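**Q** Give the three-dimensional model of this entry:
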Amino acid sequence: MNLQDLGWNETLQKVFTKYQQDGFTVGRITLEHKNMYRVMTDNGEYFAEVSGKYRFEAISRENFPAVGDWVILTERINEGKATIHHLLPRFSKFSRKVAGNTTEEQIIATNINTVFIVQSLNQDFNPRRLERYLLMAWESGANPVVVLTKADLCDGIEKYKSSVETVAFGVPVHVVSVVNQTGLEEIMEYFETGKTVALLGSSGAGKSTLTNYLLGEEKQLTQEIHEGDGRGKHTTTYRELISLPNGGLIIDTPGMRELQLWEADSGLSESFKDIEELAKQCQFRNCSHHNEPNCAVKAAVQSGDLDEKRLQSYFKLQRELAYLERKNDKLAQVEEKYK
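**A** Below you'll find the predicted structure:
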């Protein structure tokens with residue numbers, strides 16, 4: 001495989017030129033596991049680790065490579081290994097806060113063109129979770145697409161699709177079934193040579209099944225969902241960049257039941273365009289949409305034009321972002337002192 005198939009372009013080449021003159025090569029991270037990486041180059045595939053200097057100079061988790069990243073390396077061809085020295089600039093990055101109470105960024109995937117937000121048409125379908133995914137997808141710099149899977153298990157497809165369209169403004173929505181082979185031709189259009197699509201969603205949403213279909217082989221393990229609540233079991237256990245036989249690349253990710261925001265200031269406005277537009281009609285510019293008079297947002301809720309649950313979700317995400325910003329400010333102070 002050549003670098004162009006992996007997504008290499010002129011912008012990256014301009015940055016790489018100065019390293020190339022010093023004898024370095026370049027590759028793309030296809031797998032990350034603890035402190036080891038699998039990287040693909042023009043010369044083949046290697047197991048790689050960052051250099052001691054790289055590790056010493058890295059301030060936070062964001063500075064380390066993630067799946068999808070382009071890195072500057074020295075290759076040890078006879079050993080099948082490589083050393084990573086530098087990280088090339090990213091044009092997109094999907095992140096979340098690590099699970100638990102620790103305030104630290106976890107990078108899910110980088111340099112992705114399109115994010116498939118995968119939700120299954122069963123009991124696990126959740127518009128509020130979809131709002132959160134959309135917000136983070138907009139913030140990542142990639143284009144979000146909603147993929148509703150397991151259409152063969154659902155009778156009220158239009159009801160689900162309508163529910164998605166009320167929260168995913170301007171976002172393409174595709175209903176697919178791998179079992180019945182329906183809706184799959186539409187999503188194939190997103191896979192072009194050098195373009196990367198990341199699959200994100202809960203466990204059991206059908207990401208691995210979809211990946212296997214696109215690959216034309218049973219590469220990813222799949223499992224049945226729990227019968228009681230329709231929730232899925234973890235199948236994919238790590239993030240991996242995979243090349244498709246017909247061109248394009250796909251990143252399959254483990255299911256995420258806990259999706260805490262990391263940063264999403266611009267994404268909030270993009271995801272909640274309906275509320276932001278209504279807010280422009282409020283009497284006060286700094287209206288909080290709680291007890292102020294002549295609030296257009298509250299009026300829309302009372303008239304039924306805006307779902308009360310959607311407004312509460314908006315408030316909740318605002319509070320979460322404000323709290324995270326305060327935590328990050330303190331963290332930045334500590335990092336600056338350490339630096």
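**Q** low pLDDT regions in this protein?
**A** Low-confidence regions of the chain, defined by pLDDT under 70, span residues 1, 97-104, 218-237, 255-267, 324, 327-339.
**Q** Nearest the middle, which residue of it would you pick?
**A** Nearest to the mean C-alpha position of the chain, counting by CA atoms, centre = their mean, stands Phe94 at 4.2 Å.
**Q** Within the helices and strands, which one has that residue?
**A** Element membership for Phe94 (DSSP states H and E) is strand 93-97.
**Q** Please state the offset of the next helix-or-strand element following that strand from the chain centre?
**A** Once strand 93-97 ends, the next helix or strand along the chain (criterion: DSSP H and E) is strand 105-110. What separates the centre of strand 105-110 from the centre of its chain is 8 Å, taken as CA atoms, centre = their mean, to the nearest Å.
**Q** relative to strand 93-97, how tilted is strand 105-110?
**A** 150 degrees (axes from the mean of the first three to the mean of the last three CA atoms, to 10 degrees).
**Q** picking that back up, how about the nearest residue to the residue nearest to the centre of the chain, chain neighbours excluded?
**A** Computed as CB to CB, 6 or more residues apart in numbering, the closest residue to Phe94 that is not its neighbour in sequence is Ser140, at 4.1 Å. Where you see a C-beta, it was placed from the backbone N, CA and C, and this is true even at glycine.
**Q** Settle this for me: that neighbour is touching Ile112, isn't it.
**A** Yes: the pair formed by Ser140 and Ile112 meets the contact definition of CB atoms under 8 Å, at 7.1 Å.
**Q** could you measure the residue nearest to the centre of the chain against Thr83, distance?
**A** Taking CB to CB, to the nearest Å as the measure, Phe94 and Thr83 are separated by 27 Å.
**Q** hang on, isn't Ser202 packed against Leu130?
**A** No: between Ser202 and Leu130 no contact is recorded; they are 10.4 Å apart, counting by CB under 8 Å.
**Q** Keeping just the C-alphas, turn the biggest strand by length in the chain into PDB.
**A** Using DSSP state E, we find that the single longest strand of the chain is strand 25-33. Taking C-alpha atoms only, strand 25-33 is exported to PDB below (Å, rounded to 0.1, in the frame of the first residue of the first chain):
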ATOM      1  CA  THR A  25      10.500   8.500   6.800                       C
ATOM      2  CA  VAL A  26       6.800   8.800   7.500                       C
ATOM      3  CA  GLY A  27       4.000   6.400   8.400                       C
ATOM      4  CA  ARG A  28       0.400   6.300   9.700                       C
ATOM      5  CA  ILE A  29      -0.600   4.800  13.100                       C
ATOM      6  CA  THR A  30      -3.000   1.900  12.400                       C
ATOM      7  CA  LEU A  31      -3.200   0.400  16.000                       C
ATOM      8  CA  GLU A  32      -2.400   1.700  19.500                       C
ATOM      9  CA  HIS A  33      -2.000  -0.600  22.500                       C
END
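**Q** Kindly calculate the angle that it makes with strand 105-110.
**A** Regarding strand 25-33 and strand 105-110, their directions subtend 120 degrees when assessed with the same axes, to 10 degrees.
**Q** ok, what's across the strand from Val145?
**A** With DSSP bridges applied, Val145 shows beta-bridge pairing to Phe116.
**Q** need the contact list for it.
**A** Residues in contact with Val145, defined by CB atoms under 8 Å, 6 or more residues apart in numbering, are Thr114, Val115, Phe116, Ile117, Val171, Pro172, Val173, His174, Ile187, Tyr190.
**Q** Which ones among the residues you listed lie within helices?
**A** With helices identified by DSSP state H, the entries of the contacts of Val145 that belong to them are Ile187.
**Q** For PyMOL, what selects the buried ones among the contacts of Val145?
**A** Those of those that count as buried under 16 or more other CB atoms under 10 Å are selected in PyMOL with:
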select buried, resi 114+115+116+117+171+174+187+190
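**Q** what's the closest of the contacts of Val145 to Glu320?
**A** Nearest to Glu320 among these, counting by CB to CB, is Ile117 at 18.7 Å.
**Q** Excluding chain neighbours, give the residue nearest to the closest one in space.
**A** Going by CB to CB, 6+ apart, Ile117 has Tyr133 as its nearest residue, at 4.5 Å.
**Q** and that neighbour, which of the three is it?
**A** helix (DSSP: H, G, I helix; E, B strand; the rest coil).
**Q** Pull the contacting residues for it.
**A** When the contact criterion is CB under 8 Å, 6+ apart, the partners of Tyr133 are Ile117, Pro144, Leu200, Gly201, Leu259.
**Q** Most neighbours among those, which one is it?
**A** Leu200 (28 neighbours; other CB atoms under 10 Å).
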